[in-house]
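Visitor: one predicted model, sequence on top.
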Amino acid sequence: MAADVAWAERWVRETARSIAANKEELTELDRQIGDGDHGENMNRGFTAVVAKLDALPEPPAHVSDVLKLVATTLMSTVGGAAGPLYGTAFLRAAKVADLPELDGRGVVAVLEGALEGVQARGKATVGEKTMVDALSPAVQAAVQAADGGGDARAVFAAAAEAAQKGAEGTIPLLATKGRASYLGERSIGHQDPGATSTALILAAGVVASEPEP
Amino acid sequence: MAADVAWAERWVRETARSIAANKEELTELDRQIGDGDHGENMNRGFTAVVAKLDALPEPPAHVSDVLKLVATTLMSTVGGAAGPLYGTAFLRAAKVADLPELDGRGVVAVLEGALEGVQARGKATVGEKTMVDALSPAVQAAVQAADGGGDARAVFAAAAEAAQKGAEGTIPLLATKGRASYLGERSIGHQDPGATSTALILAAGVVASEPEP
Amino acid sequence: MKKLLNDPADAVVESVEGFVAAHSDIVEAHYDPIYVSRVGGAVEGKVGLVSGGGSGHEPLHAGFVGQGMLDAAVPGPVFTSPTPDQIAPALVAANGGAGVLAIVKNYTGDVLNFETAVELAEAEDVEVATVITNDDVAVQDSLYTAGRRGVAGTVCVEKIAGAAADRGDDLAGVAAVATRVNANVRSMGVALTACTVPASGKPSFDLPEDEVEIGIGIHGEPGRHRIKLEPADAITQRLLDPVAEDLHLASGENVLLFVNGMGGTPSSELYVVYRQARKLLEARGVVVARSLVGNYVTSLEMQGASVTVLRFDDELTTLWDAPVHTAALRW
Amino acid sequence: MKKLLNDPADAVVESVEGFVAAHSDIVEAHYDPIYVSRVGGAVEGKVGLVSGGGSGHEPLHAGFVGQGMLDAAVPGPVFTSPTPDQIAPALVAANGGAGVLAIVKNYTGDVLNFETAVELAEAEDVEVATVITNDDVAVQDSLYTAGRRGVAGTVCVEKIAGAAADRGDDLAGVAAVATRVNANVRSMGVALTACTVPASGKPSFDLPEDEVEIGIGIHGEPGRHRIKLEPADAITQRLLDPVAEDLHLASGENVLLFVNGMGGTPSSELYVVYRQARKLLEARGVVVARSLVGNYVTSLEMQGASVTVLRFDDELTTLWDAPVHTAALRW
Ligand SMILES: Nc1ncnc2c1ncn2[C@@H]1O[C@H](COP(=O)(O)OP(=O)(O)O)[C@@H](O)[C@H]1O
Ligand SMILES: Nc1ncnc2c1ncn2[C@@H]1O[C@H](COP(=O)(O)OP(=O)(O)O)[C@@H](O)[C@H]1O
Ligand SMILES: [Mg+2]
Ligand SMILES: [Mg+2]
Ligand SMILES: [Mg+2]
Ligand SMILES: [Mg+2]
């Protein structure tokens, strides 16, 4: 399977559904080590994204159109730290997704773009207990899967699995970026909300690439 | 037994002890239908009374000296509704307690003076759920006991018993004076704190007239 | 009970000490007996204004001592009226030769203690007039209660009477203005939570998580009835309607709309209440000419609010606008 | 959750609507995107001042819009930074031709969203300088955190930078004054209770009845450590000492002492904290030249307080004293 614009739209809509379904959990994680708004923030953003998609006079032509719409909408509706970070991630992803369909390598490029965007804005490296800890292993896994000849779906699935592991791996970490860093030692033992939402977003991409039943 | 100045001093000290011991209960009653300070107010007042008694250069000469000291001290330390009401009650009581020793009739006069004082200031009549509902039956019982030839102690005992019954009798009443009146129907079912402290004060007078063991 | 206090017995004195230290350009304190007065003492020839009552309603009353408002304020223990021997020296200190107006909230304790204090001050040749505030429409003024309570409307009486004294009215004149304000101001409050008197350490009443008390006073006493929690707009209507009706507000009239916080409610919520109260007034054709929103007459840390409406005429509006320079009200 | 609100989703807008209606002589609101600005718009030739951040800290920031302080304020959702497309129009609107200073509290979200907004405003030919406030000594400023948070000291920056703009300083000058204030102000806070974000409906953290959080921020986030409840004097010392030490306060220096309420603590308690903080400063030989006590930078209905000290020099004192006419600060 290759990832086309229809897939991209399914991905985004599935993300919106998944974020809404997990809103409380994300907020609860943020309540533990942040300010308890991450679920609310992400849900506000992706609800707006879906509304924008629905309101388009004609369907988007390219994967990059979808990703750009996500980027600008998140940027202007999410606020907080996650808004600009995910906004920039999708913006950079859109820039590299300049083909009508993405193959395995294309997916890698998109994920690399996203990671680059997050790091350009947030300056976090791996191990600081942020969304980077989900996105960075996702990129690595994607590269491996693509190197092994995986198609878009296989690459995305590998990335999603690694993101999920990465998110869980934030539990023992001491936060040194974002709000959780104010807690010092007390940030240890909790899963990072941003890493968790990153894992949800990537998992939604896999669902979107499942053959329709 | 006749009630002399030594008895009066014992009465006041026993009242202070009893109020302190029942402080929480009085406050709790006031919390139900008032503003939750009656125990605190009365305890502040009688603690000050005892301090003043202790600080006297020589012991008081007359019953009326003791009652006057109580009056002015309550007036200047209790505040709230109870301060002026009990202050005036003791002031009027002091005025009629102009003998070295009170017999049964003397006790009646003191209690009548007190009731008169409370009603002159507070304008409450029987049945309005105030201290009048303890003091007024106390006066009636005192009159009866004195008519039957009772001595000071017997008269005081009758008054105290009636005051206690009167206080309990405030439970079903609807308050129409004081803070509890703001509650309307909701004041029903609670014992009036002021009537309760009146009953305690009179009961202390009986303890004070018990023969020393 | 969790509070930023030391020994609860010292709370009132320590708070006053901090207050006068922070506002030493406006107020000074006298201890033993305790009261707060304007720095510099009574103003020669001006009618003095004194108020007082139980503590726990801050900034009422000490926060309103200063130019254009009160000359002295007498804090009792928390929710307990001060005693006559505290009030009388404040009355005497506030006298600049033109007499003193005592502004007393209508509670049995306050009224009785001020009564005696006035007698004491008069014995020292101070002429005193008393105005009793009773703006709380939650209490039906009838034979069956101690009469309506004085609540947030007291601020309006203190502000406007202060302005009348400042412009040189004599004692009868200032008292007449104060009486007129009191006759034209009504309030009604709601509590979302109880408050805890430091000395007792227990909440003043128990309120389930989904209920609110309508018609509360300012002493943590329970209100007239409980209802299930409703949206702010609905609750606001339960407060505003009785106020407007008791005032017989007519279309075209000008008013001050005053939304008062009980102490623990954030101002963002007070503005939500204000918004709806104003809408309801405007729907009645009433013109909201002035506004006041904030914690002015509180019940410790109670969450809740009250809505106060003062019917304006030109004179009252001018007096409301007159300069005031106190710790809590300033323009 | 018990609050005087309607639909939590409408809380920010409805509160702003009430706020601008109550203070229509000072502020006006723009909706979609939402921001608050001075009535009459930007002042020709004056450097404009804009701040913003998550809601829930009222009166910060909209309460400080007006003469002598901010020209515009941008409220995000509760505890969530506003977005660039909200902030950018406020920056543009505040520009009177002399450029705009953006005052940003140091949180990742605020910093990132303002960054983008500044780019957008610059694209419309508005010159923008940014000052980031980070006065919270509870956070160690090191490699291991996102840096100190901007908390109550932000009010000092806004007030004094506003005065500098009013006296005619150019953008670089106003930014330099703001930077100097930020460099000389430190804060530390304590929470007695958590707060509840309306949209989530749950307390921001769970705190046993006998414990307090030391070193909290202003977003309902937990602090650095918990201790058993102590008397106010002891807690105040835990706040004041780190502040004084981080500032390296020396005997003879003049300061502003600012005791800020977190929203749900009555002012009587704030004055008890003030009293002790002042005593501790005086014991260090420090002169408390000016004071501010009240709810200025809050966390919804959280109970607690913070202590802020600003080191004064003659210029900062003069600028602090300069007239200010906003809804929440006025002299
Ligand atoms: N500097 C950073 N780099 C990468 N991710 C970050 C950074 N700061 C915060 N985050 C992410 O943002 C998440 C919090 O998002 P959110 O709660 O929406 O914003 P806020 O912290 O402003 O309330 C964190 O869990 C973390 O994953
Ligand atoms: N008008 C009155 N006449 C007689 N007693 C009264 C009157 N008003 C109040 N009281 C008594 O005062 C008691 C309350 O006293 P207290 O709690 O000390 O004062 P406050 O009501 O000012 O807090 C009531 O329980 C009632 O018995
Ligand atoms: Mg968050
Ligand atoms: Mg009482
Ligand atoms: Mg009382
Ligand atoms: Mg946030």
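Guide: Cool, got the structure. Numbers count the residues shown, from 1 in each chain, chains lettered A, B, ... in the order given. Ligands and ions are numbered 1, 2, ... in the order given.

Visitor: tell me how many other residues crowd A:Lys95.
Guide: Neighbour count of A:Lys95, defined by other CB atoms under 10 Å in any protein chain shown: 17. For glycine as for every other residue, the C-beta is placed from the backbone atoms N, C-alpha and C.

Visitor: which residue packs closest to it, ignoring adjacent ones?
Guide: A:Gly113 (6.2 Å; CB to CB, 6 or more residues apart in numbering or on different chains).

Visitor: residues contacting that neighbour?
Guide: A:89, A:92-97 (CB atoms under 8 Å, 6 or more residues apart in numbering or on different chains).

Visitor: how about residues contacting stretch A:46-65?
Guide: With CB under 8 Å, 6+ apart as the test, stretch A:46-65 has contacts from A:3-5, A:7-9, A:12-13, A:15-16, A:19-20, A:66, A:69-70, A:73-74, A:76-77, A:94-95, A:97-102.

Visitor: quick check on those: which are buried?
Guide: Using 16 or more other CB atoms under 10 Å in any protein chain shown as the burial test, these include A:3-5, A:7-9, A:12-13, A:15-16, A:19, A:66, A:69-70, A:73-74, A:76-77, A:94-95, A:97, A:99, A:101-102 as buried.

Visitor: which residues touch the closest residue to C:Arg148 other than its chain neighbours?
Guide: Counting by CB to CB, 6+ apart, C:Arg148 lies nearest to C:Asn134, which is 3.9 Å off, once chain neighbours are set aside. Counting by CB under 8 Å, 6+ apart, C:Asn134 touches C:105-106, C:141, C:147-150, C:182.

Visitor: rerun at 6 Å
Guide: For C:Asn134, the contact set (CB atoms under 6 Å, 6 or more residues apart in numbering or on different chains) comprises C:106, C:147-148, C:150.

Visitor: these: which two are farthest apart?
Guide: Greatest spatial distance among the contacts of C:Asn134 (CB to CB): C:Gly147 and C:Gly150, at 9.6 Å.

Visitor: between these two, tell me which one has more neighbours.
Guide: The residue with more neighbours, out of C:Gly147 and C:Gly150, is C:Gly150; 28 against 20, by other CB under 10 Å.

Visitor: can you tell me how far the residue nearest to A:Lys95 sits from A:Ala94?
Guide: Using CB to CB, to the nearest Å, A:Gly113 is found at 8 Å from A:Ala94.

Visitor: hang on, the earlier thing: in helices only, show me the buried ones among the contacts of stretch A:46-65.
Guide: Counting by DSSP state H, the buried ones among the contacts of stretch A:46-65 place A:5, A:7-9, A:12-13, A:15-16, A:19, A:66, A:69-70, A:73-74, A:76-77, A:94-95 in helices.

Visitor: per the record, what domains does chain C have?
Guide: Domain assignment for chain C by automatic domain parsing gives C:8-184, C:185-320.

Visitor: can you redo the ones you listed as JSON lines with mean pLDDT and distance to D:Gly285?
Guide: Listed next are these as JSON lines, based on pLDDT from 0 to 100; distance: least, CB to CB, whole Å:
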{"stretch": "domain C:8-184", "mean pLDDT": "96", "distance to D:Gly285": "17"}
{"stretch": "domain C:185-320", "mean pLDDT": "95", "distance to D:Gly285": "33"}
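
Visitor: among those, which comes closest to A:Thr198?
Guide: Of all those, domain C:185-320 sits nearest to A:Thr198, with 32.2 Å by CB to CB.

Visitor: still on that earlier bit, nearest to A:Tyr182 among the contacts of C:Asn134?
Guide: C:Gly150 (45.7 Å).

Visitor: surely the closest one meets C:Val104?
Guide: No: applying CB atoms under 6 Å as the test, C:Gly150 and C:Val104 come out as separate, 7.3 Å apart.

Visitor: start to end distance for stretch A:141-158?
Guide: 6 Å (CA to CA, to the nearest Å).

Visitor: buried residues in that stretch?
Guide: A:141-143, A:145-146, A:150-158.

Visitor: would you mind listing what in chain C touches ligand 5?
Guide: C:79-80 (CB under 5 Å from the ion).

Visitor: which parts of chain C are helices?
Guide: Under the criterion DSSP H, chain C contains helices at C:11-22, C:84-93, C:108-123, C:153-166, C:171-183, C:232-246, C:267-283, C:314-321.

Visitor: and chain A, by the same measure?
Guide: With DSSP H as the criterion, chain A has helices at A:5-21, A:23-33, A:38-55, A:63-77, A:82-96, A:104-122, A:132-147, A:152-169, A:193-209.

Visitor: follow-up on the earlier one: please convert the domains of chain C to TSV, extending it with distance to B:Glu24.
Guide: TSV is the format used below for the domains of chain C (distance: least, CB to CB, whole Å):
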stretch	distance to B:Glu24
domain C:8-184	14
domain C:185-320	8
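
Visitor: ok, which of these comes nearest ligand 1?
Guide: With CB to the nearest ligand atom as the criterion, ligand 1 lies closest to domain C:185-320 of these, at 18.3 Å.

Visitor: and the stretch 1-150 of chain C, which residues reach chain B?
Guide: C:76, C:79-83, C:85, C:108-109, C:112-113, C:139, C:144-146 (CB under 6 Å from any CB of the partner chain).

Visitor: apply 7 Å and report the result again.
Guide: Residues of the stretch 1-150 of chain C lying close to chain B by CB under 7 Å from any CB of the partner chain are C:76-77, C:79-85, C:108-109, C:112-113, C:116, C:139, C:144-146, C:149.
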